[in-house]
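Trainee: Sharing a model prediction with you, sequence too.
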2 protein chains.
Amino acid sequence: MRVAIVGATGVVGQELVKLLQERSFPLTSLTLYASPRSAGRKVAFGDRTLTVQALPREGDLAADLVFSSAGGGLSRAQAWDWAGGGAVVVDNTSAWRMDERCPLVIPEINGEAALGHRGIVANPNCSTIVALMALAPLHRRFGLTRATIATYQAVSGAGASGIDELERQTRTLLAGEAITPEKFRHPIAFNLFSHDSAVGNDGYNVEERKILLESRKILGEPDLKISATCIRVPVFRAHSEAIHAEFARLVSPDEAREVLAAAPGVTLIDEREENTFPMPLTASGKDDILVGRIREDVSNPGGIALFVSGDQIRKGAALNAVQVGESLVKREAAVLPPVS
Amino acid sequence: MRVAIVGATGVVGQELVKLLQERSFPLTSLTLYASPRSAGRKVAFGDRTLTVQALPREGDLAADLVFSSAGGGLSRAQAWDWAGGGAVVVDNTSAWRMDERCPLVIPEINGEAALGHRGIVANPNCSTIVALMALAPLHRRFGLTRATIATYQAVSGAGASGIDELERQTRTLLAGEAITPEKFRHPIAFNLFSHDSAVGNDGYNVEERKILLESRKILGEPDLKISATCIRVPVFRAHSEAIHAEFARLVSPDEAREVLAAAPGVTLIDEREENTFPMPLTASGKDDILVGRIREDVSNPGGIALFVSGDQIRKGAALNAVQVGESLVKREAAVLPPVS
């Protein structure tokens, strides 16, 4: 299995390299691609040292499995080329998520959908993954009809420059000096703001629409109702979400807890006496999504309120992609030629 | 009008002193009380310098108007004493909010209720005030039936030690050293956590219950349904809240916007093209609550989603109390003897 990573020097790309090694991914070769500016950089992989290559402007990558996380524009332009030589592209960008030809996959939820790929499997948006890891098991059992979601999103979702901006602005403010926003339109240090994606005529921003539309596709529920408010907070890594959910039947907190305790990829953190619940700090670096504050929605008896935190770079991006790759390897789907 | 402040050296107490001066409150004397530890401290008030007094252990304070913000325990023990000499106590603590004898007042919403006091007027919890400044005008026009709320609460809500903890932990982490939480159970720097108040058997914490019960009392709607998730975020000052609201009739975003644009104490910040909405940074130091992200709740057509930010120390505490005091002065109610 020849593996390539496009965008290997980015935040998600670096996590991909780390995960392939940690999880002993069955690869025969690993080629790292990035922009010409990053070409030549050395990256450790086990006891080997890999040299980052400049991404070819066209054609396939002589790989069987390509992880792409170099931005939607590049994926839109080149992903089918990469898949052309028979590779499966697991695409971390927003380019192909809503394309009918591309399955949108969270392995714990709709892993089998990956097998129907025609060369590209799309990786969902991080805030969608964090929400659905908790909502999908509940949906399967009780029939989710509606959810309202408020997010607390880390700057890592905006890549390395988002992380740098939070650190730089924080240092500057603590030194008593004025800050000038660069990456984000508004100051992020000791502040928070509505997600930095374009707002449509209906008042929802792109991030919020992703949660709605991607959830519908992943769960196969085209009429599912979700309203999200996406907020960027001064946290380096890991997204959190406050969720109110309604189901086709009345659900008790104990039933919800039982389902979530058994859900793959979910860890319950629900210590009321210790006041210990999911936090970005404890979610960071974890594979599982943390779920807690499970209680009846007092504004809608039979509905459930909960709070989740998940590592945005890991399960929200790189880990989910590697899990998709693993499932393809396992089912020997990755070596099949693309269908189209 | 002889005015006294109990807890004058705290975060809210200092803001009270500032506001009385800024707003030229019609006082003939101002006496500042604090714990014996803080007695003797000098505080500027206009061109005068006031000396902080140790709070007497019992009896009234020879004042006509007492602002109390020294903690619920002290208010529970002494507030009726302070009111005993004919003073009106405007109490910023949680001690008397749900007591039937004490009106719970946000002047823009139920200002007339203050006139029915028997010596104590309670000031609502900060997160209740921030939410209701937006919800009450909508309720009056459309009949609020249900709201789900997710809060983003500043450390100032925990007083000066909360503010100190965020700054100290942030400096320590940026210096590459390990932190030890003192004020809060969990780290707050670059982290967030479920509100640091006790969690009850129903899974809701005290802060969340305050929003529900206080809103019912202020709006006079004992069956109002509100489910809140209260989260502490690494922001120094000003609380934000993501709200989904449902009404007795279908409401359009334009109708909601029109009502909020005309609401006293509310400023609309809803610049979709500039992606500029309410933020703690812009709410801090402002008297008004900022409201934006006004849109139809796509999960519940006819419902409204919105996002608010408000200065937790100012309108969320000190300003609201001073406004209550002003309304009592204006209506000459403050000089009436207590009814009971």
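Mentor: Good, I have the coordinates.
Trainee: For the closest residue to chain B within the stretch 1-150 of chain A, which non-adjacent residue is closest in space?
Mentor: Closest to chain B within the stretch 1-150 of chain A is residue A:150: 3.3 Å, counting by CB to the nearest CB. C-betas here are computed from N, CA, C, even on glycine. Leaving aside its sequence neighbours, residue A:150 sits nearest to residue B:150 (CB to CB, 6 or more residues apart in numbering or on different chains; 3.3 Å).
Trainee: What pairs with the helix or strand hosting the one you found, parallel or antiparallel?
Mentor: Assigned by DSSP states H and E, residue B:150 belongs to strand B:144-152. Note on strand B:144-152: by DSSP bridges, its sheet partners are strand B:225-229 (parallel), strand B:239-247 (antiparallel).
Trainee: and whichever helix or strand comes after that strand with chain A, contact?
Mentor: Where DSSP H and E defines the elements, the next helix or strand beyond strand B:144-152 is helix B:160-174. Yes. On the criterion CB under 8 Å from any CB of the partner chain, helix B:160-174 is in touch with chain A at B:166, B:167, B:170, B:171, B:174.
Trainee: For residue A:164, give me its contacts.
Mentor: Residue A:164 makes contact with residue A:183, according to CB atoms under 8 Å, 6 or more residues apart in numbering or on different chains.
Trainee: now the residues of helix B:160-174 next to chain A: which count as buried?
Mentor: Among these, those scoring as buried are B:166, B:167, B:170 (criterion: 16 or more other CB atoms under 10 Å in any protein chain shown).
Trainee: Run a quick neighbour tally on the nearest residue to the first one once chain neighbours are set aside.
Mentor: On the basis of CB to CB, 6+ apart, the spatially nearest residue to residue B:166 that is not a chain neighbour turns out to be residue B:155, at 4.6 Å. Residue crowding around residue B:155 was assessed by other CB atoms under 10 Å in any protein chain shown; the count is 28.
Trainee: ditto for the one 3 residues further on
Mentor: As a burial measure, the neighbour count of residue B:158 was computed by other CB under 10 Å and equals 21.
Trainee: hang on, residue A:109 in a helix?
Mentor: Yes. Judged by DSSP: H, G, I helix; E, B strand; the rest coil, residue A:109 forms part of a helix.
Trainee: dump the residue contacts of the spatially closest residue to it that is not a sequence neighbour.
Mentor: Nearest residue to residue A:109, sequence neighbours excluded (CB to CB, 6+ apart): residue A:136, at 4.3 Å. Contact partners of residue A:136, counting by CB under 8 Å, 6+ apart, are A:106, A:108, A:109, A:218, A:219.
Trainee: Equivalent analysis for residue A:192, please.
Mentor: Contacts for residue A:192 (CB under 8 Å, 6+ apart) come out as A:152, A:231, A:232, A:233, A:234, B:152, B:233, B:235, B:240, B:279, B:280.
Trainee: 6 Å instead, please
Mentor: Under the criterion of CB atoms under 6 Å, 6 or more residues apart in numbering or on different chains, the neighbours of residue A:192 are A:231, A:233, B:152.
Trainee: ok, now residue A:188?
Mentor: A:166, A:234.
Trainee: So for it, what's the pLDDT?
Mentor: pLDDT for residue A:188: 98.
Trainee: can you check residue A:329 too?
Mentor: If you check residue A:329, the pLDDT there is 88.
Trainee: residues near it, how many?
Mentor: Neighbour tally, residue A:329, other CB under 10 Å: 19.
Trainee: Kindly report the same for residue A:209.
Mentor: 21.
Trainee: angle of the host helix or strand of it against strand A:225-229?
Mentor: Under the criterion of DSSP H and E, residue A:209 resides in helix A:206-219. Angle, helix A:206-219 to strand A:225-229, by axes from the mean of the first three to the mean of the last three CA atoms, to 10 degrees: 150 degrees.
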